[in-house]
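Trainee: Give me a model of this one.
(chains A and B)
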2 protein chains.
Amino acid sequence: MLTLYGMTDSGNCYKPRLLLAKLGRPFRHVEVSTLDGGTRSADYLAKNPNGKVPLLEFEDGRTLAESNAILLHLAEGTRFLPADAYQRALAYQWLFFEQYSHEPQIAVRRSLVKYPHLAAFATEERMAALLDGGNRALAVMEQRLGAAPFFAGETLSVADVALYAYTHDAATAGFELARFPFVSAWLSRVASDESHVEIGWKPA
Amino acid sequence: MLTLYGMTDSGNCYKPRLLLAKLGRPFRHVEVSTLDGGTRSADYLAKNPNGKVPLLEFEDGRTLAESNAILLHLAEGTRFLPADAYQRALAYQWLFFEQYSHEPQIAVRRSLVKYPHLAAFATEERMAALLDGGNRALAVMEQRLGAAPFFAGETLSVADVALYAYTHDAATAGFELARFPFVSAWLSRVASDESHVEIGWKPA
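Mentor: Residues are numbered from 1 along each chain as shown, chains lettered A, B, ... in the order given. So this is what the prediction gives:
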């Protein structure tokens, strides 16, 4: 059985849980947290030298890091990775957009709001810059979702799974989603797709 | 013919040029710069609402953004994307590592060193943090390259193309590559692979 090392509350760790739930693939969840040094322990660094979660471990002990790489790997040959080469390329595009232009703004701001021990890093200047950067990312998403129901086109793909993870909780990070009606409608579409699970979900 | 919008001096824009050269695929280069407002012009934003380079344009006018998404798309069905599912997953992993843990440290520090108009952002504190973050990324790469000749395994893949782009010029950014002998040997391996071109190369 697959083992997924991750932190329940992390959007990056929610991504593979959401996809595995949608695929109906059984897996074991092992909680490893960035908050208590779990990701920096010697045992964990032996599994992932980059010291981040999530990490997928296969039955034979081989491992795979990076949330969006885990999504792509799990999605191959399923409805979550488009069969059309251009739509698949768009899925790639939005996965990289998510990690470069979205997550470092919206997820980082969420952490600074949410975790008291990070409050010293939440300077007024930094919080304003993250709000600005996150709103720019949401505006780019708004434009795309005014033209297509999902990021790669007509059907839900890994790109939607990845972007849903932190966008659905952007209010916690201080963003006003009501300003982005196409994004808001897309959030509802993703949440109503079959076998959806919320961020706190873990296998029984 | 393919058109590639990009900035000659940008590592992100070098990545698709290097892969296209290795594939022997003809393309047209159009210079668009982040330094003179080119990426923020109305015409360019109509092509890429995220206002970044590189951007690949197909003959029918459709576009694809994000350097590593362009690499994945162009590499499908070639020797640069492993046929083995796990090795391909590792290529994905290192592509996301490059955009999240490497480029925002090493490429950003290179820009702050290289472009005089950015000097105001190059505070002592920021430069030290970027040096630290970049050295952490290089240490993760060093560990991997002590175990395998290339990032996805035995053969050169898109992951190597992506990571070569800014690593080969990390000295400009202030990094001491001599501290990372496996990384240094890998740089030589990549540069000696067939049809290699340097960062300044553009099609005739």
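Trainee: Count the neighbours of residue A:5 for me.
Mentor: 23 (other CB atoms under 10 Å in any protein chain shown). (Glycine included, C-beta is placed from N, CA and C.)
Trainee: and the closest residue in space to residue A:45 that isn't next to it in sequence, what is it in contact with?
Mentor: Distances taken as CB to CB, 6 or more residues apart in numbering or on different chains put residue A:51 closest to residue A:45, at 5.7 Å, once the chain neighbours are dropped. Shown in contact with residue A:51 (CB atoms under 8 Å, 6 or more residues apart in numbering or on different chains): A:39-40, A:44-45.
Trainee: Where does residue A:51 sit: helix, strand or coil?
Mentor: Look at residue A:51: counting by DSSP: H, G, I helix; E, B strand; the rest coil, its state is coil.
Trainee: With respect to chain B, which of the contacts of residue A:51 is nearest?
Mentor: Taking CB to the nearest CB as the measure, chain B sits nearest to residue A:45 out of the contacts of residue A:51, at 9.6 Å.
Trainee: just to confirm, which helix or strand has the closest one in it?
Mentor: Assessed by DSSP states H and E, residue A:45 sits inside helix A:42-47.
Trainee: If you rank the contacts of residue A:51 by neighbours, which is first?
Mentor: When neighbours are counted by other CB under 10 Å, residue A:39 leads those with 21 neighbours.
Trainee: pLDDT at the closest residue to it other than its chain neighbours, what is it?
Mentor: Nearest residue to residue A:39, sequence neighbours excluded (CB to CB, 6+ apart): residue A:51, at 4.9 Å. Note for residue A:51: predicted pLDDT of 98.
Trainee: what's the answer for residue A:179, then?
Mentor: Looking at residue A:179, its pLDDT is 98.
Trainee: residues contacting it?
Mentor: By CB under 8 Å, 6+ apart, the contact list for residue A:179 reads A:135, A:138.
Trainee: next one: residue A:107
Mentor: Residue A:107 neighbours (CB under 8 Å, 6+ apart): A:11-12, A:166, A:173.
Trainee: Mind doing that once more with 6 Å?
Mentor: Applying CB atoms under 6 Å, 6 or more residues apart in numbering or on different chains, we find residue A:107 in contact with A:11, A:166.
Trainee: SS state for it?
Mentor: Residue A:107 carries the three-state label helix when classified by three-state DSSP.
Trainee: before we move on, what about residue A:202?
Mentor: coil.
Trainee: wait, isn't it in contact with residue A:29?
Mentor: Yes - here residue A:202 reaches residue A:29: they are 4.5 Å apart, a contact under CB atoms under 6 Å.
Trainee: These two: who's more crowded?
Mentor: A side-by-side neighbour count of residue A:202 and residue A:29, using other CB under 10 Å, places residue A:29 first with 19 against 15.
Trainee: Phi, psi for that one please.
Mentor: phi -100, psi 130 (degrees, to the nearest 10).
Trainee: ok, it - contacts?
Mentor: A:4, A:202-203.
Trainee: Among those residues, pick out the one closest to chain B, please.
Mentor: For the contacts of residue A:29, the nearest to chain B is residue A:4 (14.4 Å; CB to the nearest CB).
Trainee: And for the closest one, the neighbour number?
Mentor: Count around residue A:4 with other CB under 10 Å applied: 21.
Trainee: per-residue confidence for it?
Mentor: 98.
Trainee: wait, doesn't it sit right on residue A:27?
Mentor: Yes - taking CB under 6 Å as the definition, residue A:4 is a contact partner of residue A:27 at 5.2 Å.
Trainee: In three-state terms, label the closest residue to residue A:190 other than its chain neighbours for me.
Mentor: Distance criterion CB to CB, 6+ apart; nearest residue to residue A:190, sequence neighbours excluded, is residue A:164 at 4.8 Å. Following three-state DSSP, the label given to residue A:164 is helix.
Trainee: ok, so what distance separates residue A:164 from chain B?
Mentor: 17 Å (CB to the nearest CB, to the nearest Å).
Trainee: Report the residue ranges of every domain in chain A.
Mentor: What automatic domain parsing lists as the domains of chain A is A:2-75, A:85-192.
Trainee: can you put those domains in JSON lines and add distance to residue B:197?
Mentor: Putting those into JSON lines (distance: least, CB to CB, whole Å) gives the following:
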{"stretch": "domain A:2-75", "distance to residue B:197": "27"}
{"stretch": "domain A:85-192", "distance to residue B:197": "23"}
